[in-house]
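Undergrad: Sequence first, then the predicted structure, then my questions.
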Amino acid sequence: MDRERFEEHLAAPQGCGVVLPGAHDGAAGGALCGDLIRLSVVVEGDRVVAAAFDADGCGALTAAGSAAVTLVEGEHLFDAARVGTTAIAAELGGLSPGKLHAADLAADALHRALGAAAREAAVPVDSERVLVAMSGGVDSAVAAHLLRENAVAVTLELWRDEENDAAASCCSADAVRLARMVAHQMGLPHFTLDLRPEFRAGVVDPFLAGYAAGETPNPCVSCNGHVRLDEMLTLADRLGAPFLATGHYARVTEDGLLRAAADPAKDQSYMLAALSPASIARMRFPLAELTKPQVREIAAGARLPVASRADSQDLCFLAGTGKARFLARHGGLEDKPGEIVTLAGDVVGAHRGAHHFTVGQRKGLGVGAAPEPLYVIRTEGTRVVVGSRDELATRRVRVRGARLHRPSDEVDAVRLRYHSRAVPCRVVGEGRSFELELDEPFHGAAPGQTACLLRGDVVVGVGTITA
Ligand SMILES: Nc1ncnc2c1ncn2[C@@H]1O[C@H](COP(=O)(O)OP(=O)(O)OP(=O)(O)O)[C@@H](O)[C@H]1O
């Protein structure tokens, strides 16, 4: 550790307390850790023309703020976006483990400011440049690694749950830091985009409304279709990148439609079904032809620090909360006990709230001693209607809000759940609401879920299952 650099920054901190008109700000820290730093940057075109900071905490935080300002002022936006904890610590002549927290906070604040500024930047287009969406997971890290020659990285902050994620209210979410660290190790500029308001309005609120209406919504499909990929494409424009890449497993056909990934076990084309053809034209899926073991092998070979990170299992905003609790806390959906009845109207049990059930569900009904397994057929207000597997079967499914990219007579199959297999079908009717006539019975078509309309394994349209 070189105390001299540290002392210089501490004695004459660069940009400390300077107010910059027209600046974009980012803050990090807070009451829980007792340190708070705010960093401001002014970006003109593709350059950081000015930077400043304010810190309330230990001396190391002041020195770290000063180091961050020194490193980014006058630099190209992409070079500024390559500055992270390591660079800040190095500018201070190295930091002891106890003081690294200060560099972490300064980097978090810097990246929040740069992310906000990037939304108004104007970087000249490079026809090869690709913005890579990095989640902090292994798939997107490998996507970035494969495209590293021309890549700029972005991580979205979508949700921060103050009650369940105490660490996140003090520092930035762990996943964002991890993604930034991985991007920086590859030498990539990294941006953090705060999409919390857009995510709340465009994904979480419709999710809560869907459950309140007795449906089983599919928030990832609408998030990909109308929120996160659109926002990242807009950022790509600002950063002069014609393309956006993700770690999704999906392919694109020559005529610009989504197609199932080469590895059917990992295929995520269903989750991307709401993407418009205009967006698909700009998407790149570097994992399209790979299997998960191959991806892990590439990650290990490249020594990516996330090589053995587990896959995400649940909706991102439910992490650490659980659906029932989330619905109660954020949507006011409290338990309302009701009856479990058969299609004939016989009462066979009781439940604590109809919103805990989805069509096709078998487990958790608590109905013992039935001669055959019972499934949820539908919910009606506070009543949950159950029946046998045969009674659950349907050959006609109504779809609303449909968008077709090809004539309806090209639809020859549909996927009615993320992990269910495609069912051969045909479209009956026209416009944005129509029926699907299935060639085989389907068990568990749940209102609110996405109907992914297919021609073979190519996605030719999308709609929402309706009651
Ligand atoms: N918060 C985020 N910020 C930026 N991109 C994201 C974010 N979350 C997901 N993505 C992008 O969407 C892709 C698919 O996300 P999904 O949630 O399905 O994660 P995944 O399949 O576990 O991938 P990964 O291993 O990259 O997390 C990711 O590979 C990444 O490119």
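TA: Sure, I can see it.
Undergrad: Give me every residue in the protein lying close to the ligand.
TA: The chain comes close to the ligand at residues 133-135, 137-140, 154-156, 158, 246-248, 311-312, as judged by CB under 6 Å from any ligand atom. Any C-beta I mention is one placed from the backbone N, CA and C, and that applies to glycine too.
Undergrad: ranking the residues you listed by neighbours, who comes first?
TA: Of all the residues of the chain next to the ligand, the highest neighbour tally under other CB atoms under 10 Å goes to Met134, namely 31 neighbours.
Undergrad: Name the next helix or strand downstream of the one helix or strand Ser222 maps to, please.
TA: Under DSSP states H and E, the secondary-structure element containing Ser222 is helix 219-222. Using DSSP H and E, the helix or strand that directly follows helix 219-222 along the chain is helix 229-238.
Undergrad: other SSEs contacting that following helix?
TA: For helix 229-238, the packing partners by 3 or more CB pairs under 8 Å, 6 or more residues apart in numbering; DSSP states H and E come out as strand 130-133, strand 151-157, strand 190-194, strand 243-245, helix 277-280.
Undergrad: among these, which is the most enclosed?
TA: Each of the helices and strands packed on helix 229-238 was given a mean neighbour count from mean count of other CB atoms under 10 Å, and the largest, a mean of 27, is that of strand 130-133.
Undergrad: Could I get the average pLDDT for it?
TA: For strand 130-133, the mean pLDDT works out to 98.
Undergrad: So what touches that strand?
TA: Contacts of strand 130-133 with the rest of the structure, by CB atoms under 8 Å, 6 or more residues apart in numbering, involve 140, 143-144, 147, 150-156, 188, 228-229, 232, 235-236, 239, 241-247, 284.
Undergrad: Just after that strand, pick out the following helix or strand.
TA: On the C-terminal side of strand 130-133, the nearest following helix or strand under DSSP H and E is helix 138-146.
Undergrad: ok, residues contacting that next one?
TA: Contacts with helix 138-146, where a contact means CB under 8 Å, 6+ apart, come from 132-134, 151, 153, 179, 182-183, 186, 188, 245-249, 285-287, 295-296, 298-299, 302, 304, 306-309, 311.
Undergrad: any idea of the angle that helix forms with strand 151-157?
TA: Direction vectors for helix 138-146 and strand 151-157, defined by axes from the mean of the first three to the mean of the last three CA atoms, to 10 degrees, enclose an angle of 160 degrees.
Undergrad: start at 587 instead
TA: Got it, the first residue is 587 from now on, which makes the last one we talked about helix 724-732.
Undergrad: Where does the prediction get shaky in the stretch 737-886 of the chain?
TA: Within the stretch 737-886 of the chain, the stretches falling below the threshold (pLDDT under 70) are 747-759.
Undergrad: who touches the closest residue to the ligand within it in this structure?
TA: For the stretch 737-886 of the chain, the nearest residue to the ligand under the criterion CB to the nearest ligand atom is Gly833, separated by 2.5 Å. Contacts of Gly833 were listed using CB under 8 Å, 6+ apart, and they are Ala719, Met720, Ser721, Gly723, Val724, Asp725, Ser726, Ala727, Val728, Ala729, Pro872, Leu873.
Undergrad: sec struct for it, please.
TA: Secondary structure, DSSP: H, G, I helix; E, B strand; the rest coil: Gly833 is coil.
Undergrad: The helix holding Ser808 packs against which elements?
TA: helix 791-798.
Undergrad: Could you export the helix it packs on as CSV, keeping only the C-alpha atoms?
TA: Once non-C-alpha atoms are left out, helix 791-798 reads as follows in CSV (Å, rounded to 0.1, in the frame of the first residue of the first chain):
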residue,chain,number,x,y,z
ASP,A,791,-48.1,-3.8,-11.1
PRO,A,792,-49.6,-5.9,-13.9
PHE,A,793,-48.4,-9.1,-12.1
LEU,A,794,-50.2,-8.0,-8.9
ALA,A,795,-53.3,-7.0,-11.0
GLY,A,796,-53.3,-10.4,-12.7
TYR,A,797,-53.3,-12.3,-9.4
ALA,A,798,-56.0,-9.9,-8.0
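Undergrad: Pull the number of nearby residues for Glu714.
TA: Residue neighbour count, defined by other CB under 10 Å, stands at 12 for Glu714.
Undergrad: I figured it hits Asn736, correct?
TA: Yes: with contact defined as CB atoms under 8 Å, Glu714 counts as touching Asn736 (4.4 Å).
Undergrad: For the helix ranked longest in the chain, C-alpha coordinates in PDB please.
TA: Longest helix in the chain by number of residues, with DSSP state H as the criterion: helix 686-704. The C-alpha atoms that make up helix 686-704 are tabulated as PDB, following Å, rounded to 0.1, in the frame of the first residue of the first chain:
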ATOM      1  CA  LEU A 686     -12.000  -1.500   0.300                       C
ATOM      2  CA  HIS A 687     -15.700  -0.900   1.200                       C
ATOM      3  CA  ALA A 688     -15.000   2.800   0.500                       C
ATOM      4  CA  ALA A 689     -13.800   2.000  -3.100                       C
ATOM      5  CA  ASP A 690     -16.900  -0.300  -3.500                       C
ATOM      6  CA  LEU A 691     -19.200   2.600  -2.500                       C
ATOM      7  CA  ALA A 692     -17.500   5.100  -4.700                       C
ATOM      8  CA  ALA A 693     -17.700   2.700  -7.700                       C
ATOM      9  CA  ASP A 694     -21.400   2.100  -7.000                       C
ATOM     10  CA  ALA A 695     -22.100   5.800  -6.900                       C
ATOM     11  CA  LEU A 696     -20.000   6.400 -10.000                       C
ATOM     12  CA  HIS A 697     -21.800   3.700 -12.000                       C
ATOM     13  CA  ARG A 698     -25.300   4.900 -11.000                       C
ATOM     14  CA  ALA A 699     -24.300   8.400 -12.200                       C
ATOM     15  CA  LEU A 700     -22.800   7.000 -15.400                       C
ATOM     16  CA  GLY A 701     -25.900   4.900 -16.000                       C
ATOM     17  CA  ALA A 702     -28.100   7.900 -15.800                       C
ATOM     18  CA  ALA A 703     -25.800  10.000 -18.000                       C
ATOM     19  CA  ALA A 704     -25.600   7.200 -20.600                       C
END
